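Enquirer: Sharing a model that was predicted from the sequence below.
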Amino acid sequence: RTHTHTHMFLSYSRRQLEELQPNIGSFVQTLLPIPITGVIVTLKSQSAPYDFVSRYFAPWNGIPEDPVTGSAHTVLAPYWATVLGKTTLTARQCSPRGGDLFITLTPDDRVHIAGHAAIVVRGTLSLPQP
């Protein structure tokens with residue numbers, strides 16, 4: 001458990017991770033009394049170019065499964081950097097849409113994330129003048 005109230009679980013195989021079909025309603029009913037905002041399931045990758053793979057579920061925030069989650073990787077990156085002994089990582093989030101993330105941990109404990117993006121909404125935000 002981390003300070004973000006996201007819980008992380010390790011999986012056994014990428015196939016098992018990709019085939020995972022959690023009962024989202026059961027997640028919320030079972031875990032709601034615990035202060036939690038998300039569940040990450042992850043494992044060390046068995047094939048290049050990825051160092052680790054993951055999925056992220058956050059039904060408590062109205063997101064059954066997030067396709068590619070930068071915030072989850074701010075939790076995952078320090079963990080996998082320690083396990084793998086490296087500060088530059090390549091990750092795959094294995095949701096049905098999925099995506100690749102290119103991650104660097106800096107000496108001052110920051111996590112830099114890069115990747116390809118998809119525009120899902122465009123608009124204009126108008127704020128009241130102070």
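Expert: Looks like it came in fine.

Enquirer: Which residue ranges of the protein form strands?
Expert: 6-10, 38-44, 52-58, 63-66, 88-93, 99-105, 111-115 (DSSP state E).

Enquirer: Ok, which of those comes nearest residue 81?
Expert: With C-beta to C-beta as the criterion, residue 81 lies closest to strand 99-105 of the strands of the chain, at 5.1 Å. Backbone N, C-alpha and C define where each C-beta goes, glycine included.

Enquirer: For the closest one, name the packing helices and strands.
Expert: helix 70-84, strand 88-93, strand 111-115 (3 or more C-beta pairs under 8 Å, 6 or more residues apart in numbering; DSSP states H and E).

Enquirer: Give me whichever of those is most buried.
Expert: Most buried of the helices and strands packed on strand 99-105, by mean neighbour count (mean count of other C-beta atoms under 10 Å): strand 88-93, with a mean of 20.

Enquirer: what angle do it and strand 52-58 make?
Expert: Relative orientation of strand 88-93 versus strand 52-58 (axes from the mean of the first three to the mean of the last three C-alpha atoms, to 10 degrees): 50 degrees.

Enquirer: For strand 88-93, list the C-alpha coordinates in PDB.
Expert: What follows is strand 88-93, C-alpha atoms only, in PDB (Å, rounded to 0.1, in the frame of the first residue of the first chain):
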ATOM      1  CA  THR A  88      15.400   3.800 -17.100                       C
ATOM      2  CA  LEU A  89      12.400   1.500 -17.700                       C
ATOM      3  CA  THR A  90      10.100   0.600 -20.500                       C
ATOM      4  CA  ALA A  91       6.600  -0.500 -19.500                       C
ATOM      5  CA  ARG A  92       3.400  -1.800 -21.100                       C
ATOM      6  CA  GLN A  93       0.000  -1.300 -19.700                       C
END
